[in-house]
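[1] Predicted model, plus sequence, below.
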Protein chains: 2
Amino acid sequence: MNGKINDSFYMQLCLDAAWKYQGLTYPNPAVGSCIVDNNGKLVAVSSHKTSGSSHAELNVISKTLKLLGHTKIDKLETAEKKYQYILDNHNNIFKNFTIYVTLEPCNHKGKTPPCSILIKTLGFKKVIIGSMDLNEDASGGAKLLEDAGLEVKKGLMQNKCDSLLTPFKKWQENKPYIFFKLAISQNGVYSGGVISSLESRELVHKLRAKIDLLVIGGNTVRVDRPTLDCRLSGGKAPDVLIYSRRDDFDYDIPLFKVLGRKVFIKNSLNKMQEYRFIMIEGGEGMFEESIKVVDNILLFTAPIFKTGKTLQLDLKLKCLHTFKNNLDCIQWFKPF
Amino acid sequence: MNGKINDSFYMQLCLDAAWKYQGLTYPNPAVGSCIVDNNGKLVAVSSHKTSGSSHAELNVISKTLKLLGHTKIDKLETAEKKYQYILDNHNNIFKNFTIYVTLEPCNHKGKTPPCSILIKTLGFKKVIIGSMDLNEDASGGAKLLEDAGLEVKKGLMQNKCDSLLTPFKKWQENKPYIFFKLAISQNGVYSGGVISSLESRELVHKLRAKIDLLVIGGNTVRVDRPTLDCRLSGGKAPDVLIYSRRDDFDYDIPLFKVLGRKVFIKNSLNKMQEYRFIMIEGGEGMFEESIKVVDNILLFTAPIFKTGKTLQLDLKLKCLHTFKNNLDCIQWFKPF
């Protein structure tokens, strides 16, 4: 923040809200949205949280109604029901409000009704958009709003908003989206037991419930004897690819006993091409092997210094987003 | 941010603004402030920037007036002139506004006139305060405002606001405030040339211009042959204590040639007791030697992985604040 309270300030709030759900919305894009009322008061910030559920715009509009006493809206189970409740109860309170959204409001009825129609119907005055929707079916939202006479500003902080869309773009292109998850201490040590906080590990388990393949190095499996399931969050444990030259594993290692999962042991990463949403975990060897095919790196840095193994390699990164939970610093990177 | 737009949301903005100037305001505390108008609109955020200059409250009030067309206020050179300009020109626009401030508004005329009187005179409705002022001379601001009938909320996010005050408290106690500055890559490497960005190094040079002693390890001096001045920011270069068993230095190393500076070469850190505001720079040896006497650690983490030396020690930290500049992640820690 440069200290100015302007459109970029509000879009940054949307970005912050969106990045908290990066990966968790797959195959949908992570999207953040906020509403500023006709007096300039910031009313609510929200985001899209999981595929098939209400979009960021619907969530932030619902949150605003809830703050105005419509507590019932939280109990409506589907996006359709929320949408209809808003149409029935908005009472013109959104008249002349401004809505900020990191991605062009959708213009088609997918699993949820079109956000563009909702924004138009509620009488918003201004719509500030970061990225334009690349999905041919869903695009056209901005045009619909412009044609209806709303003030539409497109491309605000577009680069930052675009960087949220990598998983979504890969899905559109029918290609795997691959990210490396790493937890380290402030001095770069990744070895020697649990490093990140429970809150961070819960996020990792939520991500494991969304991915379809988890790739891990053979040494990590031998040393850590992990389960690699989603016990901290619930959800289906992903298939596992153990990247290893040897297949002499102790099949009592818990990861082999998780029901409904396939486990592959391969001396190649080719298996990844059969999957769409892939997280890689592991140490230095796995990192070096996979860095060339990785779209993003998700780094959890714990507030400790510790003795142990560090990664030794040269790599330029672009930091896409940094946020904090109660203990750890969480960063999304793109390798240059 | 938990997504709620409440007093804590606005206080967090004040904290973010204050931490950008941590160290630079010494011996004054770093303070942040923001103003929300009678409609709930966030109008401005600002902070105290350097000792002797206008306080955070005066800055955020000036910024608000400037946004309303009083561009002249930026050209007024002293806090007194700004203060008087505000009294002459406020035109009751602050009536019923809310001001947030990380530290109780001062109640005495120091180098600048009392903020408490200004807030009262302008007719603010609410004053939301983080930490209470420990300085006997300056305290009493909250009581004055309460007695004048303003709604005063004290102690909001007090722990977070208090953690800004360590340098100020040390100064009040007549003790040295000591922090360790370290620049590392994401994988923890601190060696092998410049690591942090120009923007980060400019901040370090600004800090060097404020400290009175810079402590550095003998090995770092021998290997890096540094200047340790403030050429990126301007300002007086600090005295230097080289912590070294041997005093066989090449006196052509630039740090010895900086005018107006004392350089000590000692096998002990006792010299620090003769100074008040001390930054330590160096590598593993210096870090291990000094960590027990350090109040805070200032860590710059660059968006790279690189090969080289890492710190190998065990240490629990409390992260006080995390922020980003254009490239680096900047964190203030307290050792447990």
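    Yep, that arrived.
[2] What are the boundaries of the helices in the stretch 1-150 of chain A?
    For the stretch 1-150 of chain A, the helices defined by DSSP state H, counting those that start in this stretch cover A:7-19, A:56-67, A:79-89, A:115-122, A:141-147.
[3] So which of the ones you listed is nearest chain B?
    Of all those, it is helix A:7-19 that lies closest to chain B, at 6.5 Å by Cβ to the nearest Cβ. For the C-beta atoms, the positions are set from N, CA and C on the backbone; glycine is no exception.
[4] Need the residues that contact the closest one.
    For helix A:7-19, the external contacting residues (Cβ atoms under 8 Å, 6 or more residues apart in numbering or on different chains) are A:1, A:30-34, A:36, A:42, A:45-48, A:56, A:100-102, A:128, A:130, A:153, A:156-157, A:160-161, A:164, A:320-321, A:323, A:332, B:1, B:3.
[5] Pull stretch A:189-200 out as PDB, backbone CA atoms only.
    This file holds the C-alpha atoms of stretch A:189-200, laid out as PDB (Å, rounded to 0.1, in the frame of the first residue of the first chain):
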ATOM      1  CA  VAL A 189      16.000 -25.400   6.700                       C
ATOM      2  CA  TYR A 190      13.400 -27.900   5.400                       C
ATOM      3  CA  SER A 191      14.400 -31.100   7.200                       C
ATOM      4  CA  GLY A 192      14.000 -32.600  10.600                       C
ATOM      5  CA  GLY A 193      10.300 -32.900  11.400                       C
ATOM      6  CA  VAL A 194       7.300 -30.700  11.200                       C
ATOM      7  CA  ILE A 195       8.200 -27.000  10.500                       C
ATOM      8  CA  SER A 196       5.000 -25.100   9.700                       C
ATOM      9  CA  SER A 197       2.100 -24.400  12.000                       C
ATOM     10  CA  LEU A 198      -1.100 -26.500  12.400                       C
ATOM     11  CA  GLU A 199      -2.900 -23.700  10.600                       C
ATOM     12  CA  SER A 200      -0.600 -24.000   7.600                       C
END
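[6] so who does the residue in the stretch 151-300 of chain A positioned nearest to chain B touch?
    With Cβ to the nearest Cβ, the shortest gap between the stretch 151-300 of chain A and chain B falls at residue A:188, namely 2.1 Å. By Cβ under 8 Å, 6+ apart, residue A:188 lies in contact with A:310-311, B:184-189, B:310.
[7] what's around residue A:140, how many residues?
    18 (other Cβ atoms under 10 Å in any protein chain shown).
[8] Which residue lies closest in space to it, excluding its sequence neighbours?
    Excluding the flanking residues, the one nearest residue A:140 by Cβ to Cβ, 6 or more residues apart in numbering or on different chains is residue A:107, at 4.2 Å.
[9] now the one you found: how far from residue A:57?
    Here residue A:107 is placed at a distance of 12 Å from residue A:57 (Cβ to Cβ, to the nearest Å).
[10] and if you look at residue A:313?
    Residue A:313 is 42 Å from residue A:57, where distance means Cβ to Cβ.
[11] In terms of neighbours, single out the busier of the two.
    Neighbour totals were compared for residue A:313 and residue A:57, and residue A:57 leads with 29 against 13 (other Cβ under 10 Å).
[12] Return the distance of the residue nearest to the more buried one when sequence neighbours are not counted relative to residue A:122.
    Residue nearest to residue A:57 in three dimensions, not counting chain neighbours: residue A:115, with 4.2 Å by Cβ to Cβ, 6+ apart. Per Cβ to Cβ, residue A:115 is found 11 Å from residue A:122.
[13] Extract the residue ranges of chain A that are flagged as low pLDDT.
    Along chain A, the parts satisfying pLDDT under 70 run over A:1-2, A:137-138.
[14] Could you chop it up by domain?
    Here the domain parsing of chain A from automatic domain parsing is A:7-171, A:176-335.
[15] In CSV, list those domains along with distance to residue B:11.
    CSV is the format used below for the domains of chain A (distance: least, Cβ to Cβ, whole Å):
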stretch, distance to residue B:11
domain A:7-171, 14
domain A:176-335, 16
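[16] of all those, which lies closest to residue B:147?
    Shortest distance between residue B:147 and the domains of chain A, using Cβ to Cβ, is found for domain A:7-171: 29.9 Å.
[17] Centre of the chain to stretch A:164-178, how far?
    Relative to its chain's centre, stretch A:164-178 lies at 12 Å (Cα atoms, centre = their mean, to the nearest Å).
[18] if I pick residue A:311, what's in contact with it?
    Shown in contact with residue A:311 (Cβ under 8 Å, 6+ apart): A:184, A:188, A:190, A:283-284, A:287, B:187, B:305.
[19] Please convert the buried members of these into ChimeraX selection syntax.
    Those of the contacts of residue A:311 that count as buried under 16 or more other Cβ atoms under 10 Å in any protein chain shown are selected in ChimeraX with:
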select /A:184,188,190,283,284,287 /B:187,305
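[20] So which of the contacts of residue A:311 are in helices?
    Here DSSP state H is the test, and the contacts of residue A:311 give A:284, A:287 as lying in helices.
[21] just the contacts of residue A:311 now: which is nearest residue B:145?
    Nearest member of the contacts of residue A:311 to residue B:145, counting by Cβ to Cβ, is residue A:184, at 46.6 Å.
[22] if I look at the residue of chain A positioned farthest from its centre, how far off is residue A:265?
    Residue distances from the centre of chain A (Cα atoms, centre = their mean) peak at residue A:248, which lies 36.0 Å from the mean C-alpha position. Distance of residue A:248 to residue A:265, given as Cβ to Cβ: 9 Å.
[23] now do residue A:192
    Distance, residue A:192 to residue A:265, using Cβ to Cβ: 25 Å.
[24] Mind checking which of the two has more residues around it?
    residue A:265 (17 against 12).
[25] can you map out the strands along chain A?
    All strands of chain A, identified by DSSP state E, fall at A:32-36, A:42-47, A:98-103, A:126-131, A:151-153, A:177-185, A:213-217, A:239-243, A:263-266, A:277-281, A:296-302, A:304-305, A:315-324, A:329-335.
[26] ok, the fourth one: who's next to it in the sheet?
    Same thing as strand A:126-131. Strand A:126-131 pairs in its sheet with strand A:98-103 (parallel), strand A:151-153 (parallel), by DSSP bridges.
[27] okay, now residue A:318: neighbour count?
    Residue A:318, neighbours per other Cβ under 10 Å, totals 13.
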